[in-house]
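[1] After the sequence you'll find the predicted model.
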Amino acid sequence: MSGQSAQEITPADSKVTPMMAQFLEIKAANPDSLLFYRMGDFYELFFEDAEVASAALGITLTKRGKHQGADIPMCGVPVHAADDYLNKLIAKGHRVSVCEQTEDPAEAKKRGSKSVVRRDVVRLVTPGTLTEERLLDAGANNYLMALTRLKGGSLDGSAVYGLAWIDMSTGSFQVSDTDHQRLAADLAQVSPRELILSDNLLQESELRLTAEQAGGALSPVPRAFFDSSTATDRLAHYFGVKTLDGFGTFSRAELSAAAGILAYIEKTQLGERPPLDPPVREAGAGRMLIDPATRANLELSRTLSGEKQGSLLATIDRTVTGGGSRLLASRLAGPLVNVDAIQHRLDGVAFFLENEIMREGLRQTLKGAPDMARALSRIALNRGGPRDILSVAQGLEAARAVLDQTSATAGTIPAEIAAARASLEQAPHDLGSELTMALKEEPPLLKRDGGFIATGYNADLDELRSLRDESRKVIAKLQADYSEELGLRSLKIKHNNVLGWFIEAPSAQTEKLTGDPGRFIHRQTMAGAMRFTTTELADLESKIASAGERSLAIELEIFDRLAKAIIDAGEAIKAAAHGLSILDVSAALAKLAQEESYVRPVVDDSRAFDIKGGRHPVVEKALKKSGGDSFVANDANLGPEVDEDIGHIWLITGPNMAGKSTFLRQNALIAVMAQTGGYVPAAAAHIGVVDRLFSRVGAADDLARGRSTFMVEMVETAAILNQAGDRSLVILDEIGRGTATFDGLSIAWATIEHLHEVNRSRALFATHYHELTALSAKLARLSNATVSVKEWKGDVIFLHEIVPGAADRSYGIQVAKLAGLPVSVVERSKQVLSQLEEQDRRSPAESLIDELPLFASLTAPAPSAPAGFAEPDPVSVALESINPDDMTPREALEALYRLKTLRMTPDD
Ligand SMILES: Nc1ncnc2c1ncn2[C@@H]1O[C@H](COP(=O)(O)OP(=O)(O)OP(=O)(O)O)[C@@H](O)[C@H]1O
């Protein structure tokens, strides 16, 4: 019965096998996920789950038995390869309940031959709660985030949103509260893999879209998860404390979100407690606000097409550890606004620029250091194996080595580096030494079969192992003895899982053995051989087996003891892992600065924005790689003049392809990099802290919201004009391009006036509307800049240099020619252009400035379309396209009629 879902079938149905009844009961309790039902060495899926999984995984759909007269669809994945299948399902947005056998089948048999092995769901796997190394990206955080809203939670009665986010693979736990305006930006900063929110919020379409835009899977949960009245108790209970005072103070919205996320963790981990840090309050105001559109446009961590390669992060990431890479990514996602904090980070980078030999040694050590934080999490969740213990051991060894490597310096060690070193000093080094002693160098992945504890660590274990090895030698000797005694060279002593140890001889030569049944006990007759045992051999066998069992028990006991010791030292281990990540990031940024000639920016609380010789890090790298022209560095100065405290606006006109967008973006990126605490691609940079960064650079349709390209552009522009302030940096590229010329020009015109007068932000504004350059005559803090080009034999050569002044023309047609537009179209465009320019000369744009009283919009209705920009006369345009020499008399007559119709006005 295809499509039959397990929920439709009740366990109470008649003629249901006991196993199916158990399956249906478990499935009914876990309706929103695919159920991996453990059967021996496989996880099986049934009914609709099987159909969904077989399609998603590309595995065969089979059937097993019948239910209510119909076949039961089934598919299965082998347990040893389950991680890969889980990974695929999670990546496709599914959730998976893992149902294990929770008793030994032998136990079940004792209850009767028909009884079913007990099973239970032990874990709900969701995108935001992964911890397996193979399911995680080493260099990216895997955030689970909770969003909640308290209506009327703020002083002015508007709603307050609570956010809580956890990376279960490392234990980090942060909370913050925010408002409607900041919400999208705050979600984008964290970029969660899974976002949980209550059903009722998800039903609000606007909020749902905002949540979807954050990019992760959406998981609705009952409203009760976020109950703020019991939130404090739930948190205190989770962390085993009486009061949360020791963790700091939290708002009601933050507590509600934190409680919701913990409830979800308890639901998905079913009793296992991930080792979370106590929640830390992340003051939203302490970060540069970057809204989702700006973040996407600037390609901070992903390109517009969604790839990592080609993003700013991928271009500047020189870290050598997973933890370092994650730290850099989260720093870049939320640049700081506090000058001291930024200086601390910059000091760290400067330190590793000065101490190059130390830095390279450190990087060498870090390269081999495993991901301690993630190994610790797996151990604490009872999902760890011997290799996780080894990772902690090697991580702690690296911590010790790094301490030695960073101790000898001439000058003082900056605070950031000193703090990281302190966390390494406080790491549990004794435990590290013990772990190193305990573990074999290359232990197996699973603890199940033992064989991971090193020789020499535990005397009992060594003794049992040698007994086992000795016994093997004794068996070899026994074989030689029997063989000689019986004169049978082909006699062998072998082992299999069914019989254990046995003597085997070819059937034709077993006379002597069958002739002494008191000694050689017959076990099995094969095609060409017979198998026997002896009391001697049976004794040896039981010795070997019990030695094996006892040594495994000892190994597992040691594992548990070491795991407990690691969990007990969890805080210190996590702090050391974070310390290593900080050193990795500082050293990596220093390496980057040295290799790419970046400089330390001067960052302060002024309104300065003075970049000398700035470059675009990604475009520069791409040019270098292609071996073509080198990148042309450019200055930008948007800071106030002496005696002013308001920033300036640059209006940039210039040909297509000249480098306007690159220039705009590079200045935004330099601000982001500086406030992340990194050096910047420039000869010098002085930046007064930017509190909000806005960019409107190109846009695509937003079909989900039913918005056209132009609508998206206007929504983004509206957000900027409503939110930008005098500490913001605004980057606007070709506003108004997506509509009719006059509408676009008018909008761009009014936007600049608003930015200059009301927002007073530092801004870069690129445009093709040359008419706008006239504004500089009226707006004191607006300057014109252009990108220089050379014209040579009718072609255009781009110099990519930003210089003061306005562009005289667009060179659009030349660029179109370069792009390979048919010659006839290029020629025709030239004709039309000269016609249009001729008309424009008759009523120049400059007259606009006098016709439009400045900021009329603030006092009077919006200015109407200026007269100087009349549409070209259609008859002249049509005439221009006629070439009488190419026409037949009939075509000429038709053209004449066409001209006449064009001439007609509606009144004719
Ligand atoms: N400063 C520079 N030095 C060297 N090459 C540059 C520079 N700036 C831009 N380029 C090159 O020129 C190309 C076009 O740049 P960009 O997209 O910024 O032009 P644009 O003026 O914004 O064009 P359009 O108006 O058509 O959007 C870039 O892909 C890059 O290869």
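    All right, it came through fine. Numbers count the residues shown, from 1 in each chain.

[2] Ser191 versus the most centrally placed residue in the chain, what's the distance?
    Nearest to the mean C-alpha position of the chain, counting by Cα atoms, centre = their mean, stands Ala140 at 5.1 Å. Remark: distance between Ala140 and Ser191 (Cβ to Cβ, to the nearest Å) = 9 Å. C-betas here are computed from N, CA, C, even on glycine.

[3] now swap in Ile503 and tell me
    Taking Cβ to Cβ, one finds Ile503 at 66 Å from Ser191.

[4] Okay, and the nearest residue in space to Gly310 that is not next to it in sequence sits in which element?
    In this structure, Gly310 finds its nearest non-sequential neighbour in Thr303, 4.5 Å apart by Cβ to Cβ, 6 or more residues apart in numbering. Secondary structure assigned from DSSP states H and E places Thr303 in neither a helix nor a strand.

[5] Run through the residues that contact Phe46.
    By Cβ atoms under 8 Å, 6 or more residues apart in numbering, the residues touching Phe46 are 6, 23, 27, 35, 37, 64, 72-74.

[6] one more time with 10 Å, if that's ok
    Residues counted as contacts of Phe46 (Cβ atoms under 10 Å, 6 or more residues apart in numbering) are 4, 6, 20, 23-24, 27, 35, 37, 53, 63-65, 67, 72-76.

[7] Look up the residues forming beta bridges with it.
    Met74 (DSSP bridges).

[8] Could you pull out the buried residues of stretch 142-151?
    Using 16 or more other Cβ atoms under 10 Å as the test for burial, stretch 142-151 gives 142-150.

[9] Can you tell me the SS state at the residue lying closest to Lys367 once chain neighbours are set aside?
    Spatial nearest neighbour of Lys367, chain neighbours left out: Val320 (4.6 Å); criterion: Cβ to Cβ, 6+ apart. Judged by DSSP: H, G, I helix; E, B strand; the rest coil, the three-state class of Val320 is coil.

[10] Quick check, Val320 in contact with Gly368.
    Yes: here Val320 reaches Gly368: they are 9.1 Å apart, a contact under Cβ atoms under 10 Å.

[11] Who has more neighbours out of the two?
    Val320 (19 against 12; other Cβ atoms under 10 Å).

[12] can you pull the pLDDT of that one?
    With respect to pLDDT, Val320 scores 96.

[13] and if you look at Val585?
    For Val585, the predicted pLDDT is 98.

[14] could you say which helix or strand contains it?
    Using DSSP H and E, Val585 falls in helix 570-596.

[15] Going toward the C-terminus from that helix, what's the next helix or strand?
    strand 602-604.

[16] List the buried residues for that next one?
    602-603.

[17] what helices or strands is that strand leaning on?
    If contacts are counted by 3 or more Cβ pairs under 10 Å, 6 or more residues apart in numbering; DSSP states H and E, strand 602-604 sits against helix 339-354, helix 660-676, strand 684-688.

[18] Pick the most deeply packed of these.
    Greatest average neighbour count among these goes to helix 660-676 (a mean of 25), per mean count of other Cβ atoms under 10 Å.

[19] What pLDDT does the model give the residue lying closest to Asn30 once chain neighbours are set aside?
    In this structure, Asn30 finds its nearest non-sequential neighbour in Ser97, 4.3 Å apart by Cβ to Cβ, 6+ apart. According to the prediction, Ser97 has pLDDT 93.

[20] Name the secondary structure element that contains Ser97.
    Using DSSP H and E, Ser97 sits within strand 96-101.

[21] Run through the residues that contact Ser169.
    129-133, 135-136, 141-143, 274, 322, 326, 371, 373-378, 381.

[22] as a whole number, average confidence for stretch 41-48?
    pLDDT averaged over stretch 41-48 gives 92.

[23] Stretch 463-472 now?
    In the prediction, stretch 463-472 has an average pLDDT of 83.

[24] Could you pull out the residues contacting both of Ala140 and Ser191?
    301, 329-330.

[25] So which of those residues are in helices?
    Judged by DSSP state H, those include 329-330 as members of helices.

[26] Pick the one among the shared contacts of Ala140 and Ser191 closest to the ligand.
    Nearest to the ligand among the shared contacts of Ala140 and Ser191, counting by Cβ to the nearest ligand atom, is Ser301 at 20.6 Å.

[27] what's the neighbour count on the closest residue to that closest one other than its chain neighbours?
    Spatially, and ignoring its direct neighbours in sequence, Ser301 is nearest to Leu313 (4.5 Å; Cβ to Cβ, 6+ apart). Neighbours of Leu313 under the rule other Cβ under 10 Å: 20.

[28] from the chain, which residue is nearest to the ligand?
    Counting by Cβ to the nearest ligand atom, the chain gets nearest the ligand through Gly659, at 2.7 Å.

[29] Please read off the pLDDT at the nearest residue to that residue once chain neighbours are set aside from the model.
    Nearest residue to Gly659, sequence neighbours excluded (Cβ to Cβ, 6+ apart): His800, at 4.3 Å. The model reports His800 with a pLDDT of 88.

[30] tell me which element His800 is part of?
    strand 795-804.

[31] The very next helix or strand once past that strand near the ligand anywhere?
    Under the assignment DSSP H and E, the closest C-terminal helix or strand after strand 795-804 is helix 812-818. No: between helix 812-818 and the ligand, judged by Cβ under 6 Å from any ligand atom, nothing touches; the nearest distance is 6.9 Å.

[32] What residues sit buried inside helix 812-818?
    Using 16+ other Cβ under 10 Å as the test for burial, helix 812-818 gives 813-815, 817.

[33] same deal with stretch 821-831?
    So, applying 16+ other Cβ under 10 Å, buried residues of stretch 821-831: Val826.

[34] Tally up the residues packed near Glu771, please.
    Count around Glu771 with other Cβ under 10 Å applied: 21.

[35] same deal with the one 4 residues further on?
    In terms of burial, Leu775 registers 22 neighbours under the definition other Cβ under 10 Å.

[36] repeat for Leu461
    Look at Leu461: counted by other Cβ under 10 Å, it has 22 neighbours.

[37] Please apply the same query to Gly627.
    7.

[38] next one: the one 5 residues further on
    Applying other Cβ under 10 Å, we find 19 residues neighbouring Val632.

[39] repeat for Glu484
    11.

[40] and what of Phe559?
    21.

[41] next structured bit after the worst-scoring helix or strand of the chain on mean pLDDT?
    One helix or strand of the chain scores below all others by mean pLDDT, DSSP states H and E: helix 856-859, with a mean of 44. Beyond helix 856-859 on the C-terminal side, the first helix or strand identified by DSSP H and E is helix 874-880.

[42] Would you agree the residue nearest to the centre of the chain is in contact with Lys308?
    Yes: with contact defined as Cβ under 10 Å, Ala140 reaches Lys308; the gap is 8.7 Å.

[43] okay, and the common contacts of these two?
    By Cβ under 10 Å, 6+ apart, Ala140 and Lys308 have these common neighbours: 301, 329.

[44] tell me the SS of the residue nearest to the centre of the chain?
    Ala140 - assigned by three-state DSSP - is coil.

[45] In the lengthiest helix in the chain, which residues are buried?
    As assigned by DSSP H, the longest helix anywhere in the chain is helix 535-568. For helix 535-568, burial by neighbour count (16+ other Cβ under 10 Å) applies to 537, 540-541, 544, 547-548, 550-552, 554-555, 558-559, 562-563, 565-567.

[46] swap in stretch 360-376?
    Across stretch 360-376, burial judged by 16+ other Cβ under 10 Å covers 361-363, 365-366, 369-376.

[47] Up against the ligand, what does this protein have?
    Residues of the chain lying near the ligand (Cβ under 6 Å from any ligand atom): 619, 629, 631-632, 634, 654, 656-662, 800.

[48] is it true that the residue nearest to Asn30 touches Leu270?
    Yes: contact status for Ser97 versus Leu270: in contact at 9.5 Å, counting by Cβ under 10 Å.

[49] Between these two, which contacts overlap?
    With contacts taken as Cβ under 10 Å, 6+ apart, the residues that reach both Ser97 and Leu270 are 121-124.

[50] pLDDT below threshold where in the stretch 101-250 of the chain?
    153-155 (pLDDT under 70).
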